[in-house]
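*Asks:* I'd like to go over a predicted model; first the sequence, then the structure.
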Amino acid sequence: MNKIIRTNLAEIVARPVSASERAQLRTLAKRPDAALDLTDPAEITDADLRRGSARIVPHGGARPGAGRKPTGRLPVTLRLKPGLLRKLRAQAKREGKTLSEIAEARLLIS
């Protein structure tokens, strides 16, 4: 099955050609024009889809297993005094923990 590559002229010109690609191009240049297959690929039919020899790949949208895994925690917004927030952040940095872990521990103590 042939692979369709989408690109533009600027990308092709900017990319260097390797030695193996140069060799392939020389081989292709030696072929007569009649030997080149310039036909369009066949259309995909419903029978191809049922047989599984072709499939439609959707773009975008949610995919199974994608995204962040659930942590079991809920987001909460708090309004704290700047001094208290500085102290909580400093403690979290000192202990190598997150701000949430420090705040949760302090709330459980109270």
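*Replies:* Ah, there it is. Residues are numbered from 1 along each chain as shown.
*Asks:* quick one: the helices in the chain?
*Replies:* Listed in chain order, the helices of the chain (DSSP state H) span 9-14, 19-30, 46-51, 82-95, 99-109.
*Asks:* of those helices, which is nearest Gly61?
*Replies:* Minimum separation from Gly61 across the helices of the chain (CB to CB) falls at helix 46-51, 19.0 Å. Glycine gets a C-beta too; all of them are placed from N, C-alpha and C.
*Asks:* contact partners of that closest one?
*Replies:* Where contact means CB atoms under 8 Å, 6 or more residues apart in numbering, the residues beyond helix 46-51 that reach it are Ala54, Arg55, Ile56.
*Asks:* now swap in stretch 73-90 and tell me
*Replies:* Outside of stretch 73-90, the residues within contact range by CB under 8 Å, 6+ apart are Leu99, Ser100, Ile102, Ala103, Arg106.
*Asks:* which intervals of the chain have sub-threshold pLDDT?
*Replies:* Across the chain, the ranges flagged by pLDDT under 70 are 1-2, 110.
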